[in-house]
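**Student:** let's see this in three dimensions:
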Amino acid sequence: MKLNTQSGFGLAEVLVSMVILAMVSSGVFLMLRNQNKASVAGSDITMSTHLGKQTLDSLRVSSFRYISSGNDTINSRYIRDWKISTGFGRKSINVTVYWPLTGDHYIAMNTMLSDDQFKVE
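**Tutor:** Down below sits the predicted model:
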């Protein structure tokens, strides 16, 4: 017959469970942090693509002779820059959208427009 029986948890069991809990919670924290970074990066890419397309569309509907280079800033976060190169009745349009707040990121789009006076019908 044993007179000294133990019930409950010992110090070793409590320490092991605390270490396991710390490892699991730090893994979950890192996963959520990486998911947040990926979400922000995706939002920046989507927004910059939209802003670049918006610039290209507005230049396409402008009168050919008045299309010129320029830049602007949107929401103090995105910088749009468009450069126009002219030659042989065509204009090459290069639009670049930067978002430098989260790193050295940019997206570039290119197109060409021709003058309607050279259009063959």
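**Student:** and residue 119, what's its pLDDT?
**Tutor:** Per-residue confidence at residue 119 stands at 58 (pLDDT).
**Student:** other SSEs contacting the strand or helix carrying residue 52?
**Tutor:** Under the assignment given by DSSP states H and E, the secondary-structure element containing residue 52 is helix 11-60. Counting contacts by 3 or more C-beta pairs under 8 Å, 6 or more residues apart in numbering; DSSP states H and E, helix 11-60 packs against strand 78-87, strand 90-98, strand 106-114. Every residue, glycine included, has its C-beta placed from N, CA and C.
**Student:** buried ones in the second one, by neighbour count?
**Tutor:** Yep, that's strand 90-98 we're talking about. Applying a neighbour-count criterion of 16 or more other C-beta atoms under 10 Å, one finds 91, 93, 95, 96, 97, 98 buried in strand 90-98.
**Student:** now for the residues you listed: which two are most distant?
**Tutor:** Taking C-beta to C-beta, the two most distant members of these are 91 and 98; they sit 22.3 Å apart.
**Student:** enumerate every residue touching the most centrally placed residue in the chain.
**Tutor:** Nearest to the mean C-alpha position of the chain, counting by C-alpha atoms, centre = their mean, stands residue 44 at 2.7 Å. Residue 44 makes contact with 99, 102, 105 under the criterion C-beta atoms under 8 Å, 6 or more residues apart in numbering.
**Student:** turn the helices and strands packed on helix 11-60 into CSV, columns for distance to residue 31.
**Tutor:** What follows is those, written out as CSV (distance: least, C-beta to C-beta, whole Å):
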stretch, distance to residue 31
strand 78-87, 29
strand 90-98, 30
strand 106-114, 27
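**Student:** residue 111: what's it in contact with?
**Tutor:** Contacts were defined as C-beta under 8 Å, 6+ apart; by that measure residue 111 touches 56, 60, 92, 93.
**Student:** widest-spaced pair of those residues?
**Tutor:** Among those, the pair separated by the greatest distance (C-beta to C-beta) is 60 and 92, at 13.0 Å.
**Student:** which one among the contacts of residue 44 gets closest to residue 18?
**Tutor:** The shortest distance between residue 18 and any of the contacts of residue 44, using C-beta to C-beta, involves residue 102 and amounts to 36.1 Å.
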